[in-house]
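Trainee: Prediction below, plus the sequence it came from.
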Amino acid sequence: ITETGAPLVRLKTAAGPSNPIPVLLTDLPISATPMDTKWDAPRPLVLPVAACGLLAKENETHRYRFRAVKGRGYAFEVGARQYDSRTDPVLSIHNPGGGEIAMNDDTLGQDPRIEWTAPSDGEFDLAVRDLHRRGGPNFTYVLSARESGPDFTVRCDDDKAKISSALDELKEA
């Protein structure tokens, strides 16, 4: 497998192969938090990163702190439902004073995504929680965080596509 995404894979077990399960493949560095860790303070994130988490208890919210640069774009998304997790994730961004400045519940099917431009230099927090405040052993997620930028490039041979001259002709008409 060479593509990123979540292909279905059968795991080898003592009882034979498992049912197909999605396995996330990413080009981002991975950060995993031990399950017995308390979430009293935000965890530092160095972008780009894919942070793995488990909402083990009801009403649990995971907070991550990252450094942003004014005017730069950032993309944050939580993968959960698309990987068969029970989590119905909500993603939010908070300013240094704790105020919510962006929030999303469902963008990618039932998983959230936020594309955001930093209003100032400084540290900001990301928060991940379950919409219904549930938790347990099947409430896993992956938070992907990176600077955003163009995700495509347009190329054309100028001898085949005369866009500018077609526009000029329309202006003259």
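Mentor: Looks like it arrived, so ask away. Numbers count the residues shown, from 1 in each chain.

Trainee: Figure out the helix or strand that the residue sitting nearest the centre point of the chain lives in.
Mentor: Centroid-nearest residue in the chain, with Cα atoms, centre = their mean: residue 77, separated by 1.9 Å. Assigned by DSSP states H and E, residue 77 belongs to strand 73-79.

Trainee: strand partners of that strand, parallel vs antiparallel please.
Mentor: strand 113-117 (antiparallel), strand 140-147 (antiparallel) (DSSP bridges).

Trainee: Helix or strand next in line after the shortest one, which one?
Mentor: Using DSSP H and E, the next helix or strand after strand 113-117 towards the C-terminus is strand 122-130.

Trainee: Give me the helices and strands touching that next one, please.
Mentor: Identification of packing neighbours for strand 122-130 by 3 or more Cβ pairs under 8 Å, 6 or more residues apart in numbering; DSSP states H and E yields strand 61-68, strand 89-94, strand 140-147. Backbone N, C-alpha and C define where each C-beta goes, glycine included.

Trainee: May I have the helix or strand that comes right after the shortest one as PDB, with CA atoms only?
Mentor: In this case it means strand 89-94. Sequence-wise, the next helix or strand downstream of strand 89-94 (DSSP H and E) is strand 100-104. Included here for strand 100-104 are C-alpha records, laid out as PDB according to Å, rounded to 0.1, in the frame of the first residue of the first chain:
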ATOM      1  CA  GLU A 100     -14.000  29.800  21.300                       C
ATOM      2  CA  ILE A 101     -13.100  31.400  17.900                       C
ATOM      3  CA  ALA A 102     -14.000  28.500  15.500                       C
ATOM      4  CA  MET A 103     -16.000  25.300  15.900                       C
ATOM      5  CA  ASN A 104     -17.100  22.500  13.600                       C
END
